[in-house]
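Enquirer: show me how the following folds:
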Amino acid sequence: MAEITIRPITYNDTDDIIRWRNSEYVNARFIDRRMFTKESHEAWLENFVKTGKVAQFIILLDGKGVGSVYLRDIDYDKKDAEFGIFIGEESARGKGVGTKSASLILEYAFNELKLDKVFLRVYKDNPGAIRSYEKAGFKKTDGIEKINDNGAIREVIFMELEKKDFEKR
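Expert: Predicted coordinates for the structure are as follows:
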């Protein structure tokens, strides 16, 4: 059975992050579709990861980096953050890597960062991601947002998980 772990992101991961995040498959599933550059990614690390506004990790499958999972807009006063994930390596998709990585970062969010809630946004037409998030414990909320995606209107749904519900799993 494959081992799935996460480790903190470093500057050495920049080339992989750029390649993964700019791939057509990953980029199409993101609401923010700006292309990543070395400069923009290093600015992200400097301004958000190093300052604690973002907790970002590299997903490892049998020790090899295959994607990234993160908590962004961490609000220590409200005790919440937004979850994000992408599996960059095609060979790692559909193997439970996302679900396990979500569980690992949720443990970090609730036990290390002492957050009370983690939420996410996902395109309604991405059922694979929604299933993975539900397996990790996220529940759909009533929130729906419509986004103009290059002329096509797409619905974004909101999901969340509270610490008390995570602990019951």
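
Enquirer: so for M1, what pLDDT did the model give?
Expert: M1 is assigned 66 on the pLDDT scale.

Enquirer: actually, E46.
Expert: 96.

Enquirer: distance of it relative to D62?
Expert: Separation of E46 from D62 (CB to CB, to the nearest Å): 31 Å. C-beta: built from backbone N, CA, C; applies to glycine.

Enquirer: quick check: what element follows the helix or strand bottoming out on mean pLDDT in the chain along the chain?
Expert: Using mean pLDDT, DSSP states H and E, helix 24-27 stands out as the lowest-scoring helix or strand of the chain, at a mean of 85. Counting by DSSP states H and E, the next helix or strand C-terminal to helix 24-27 is helix 38-44.

Enquirer: after that following helix, next one along is what?
Expert: Per DSSP H and E, the helix or strand that comes after helix 38-44 is strand 55-61.

Enquirer: pLDDT of that next one, averaged?
Expert: Strand 55-61 comes out at a mean pLDDT of 97.

Enquirer: for it, packing partners?
Expert: If you count contacts as 3 or more CB pairs under 8 Å, 6 or more residues apart in numbering; DSSP states H and E, strand 55-61 packs onto strand 4-8, strand 64-75, strand 80-87, helix 97-107.

Enquirer: let's see it at 7 Å
Expert: strand 4-8, strand 64-75, helix 97-107 (3 or more CB pairs under 7 Å, 6 or more residues apart in numbering; DSSP states H and E).

Enquirer: need the winner for burial among those.
Expert: Highest mean neighbour count of these: helix 97-107, a mean of 21 (counted as mean count of other CB atoms under 10 Å).

Enquirer: ok and that helix relative to strand 4-8, angle-wise?
Expert: 50 degrees (axes from the mean of the first three to the mean of the last three CA atoms, to 10 degrees).
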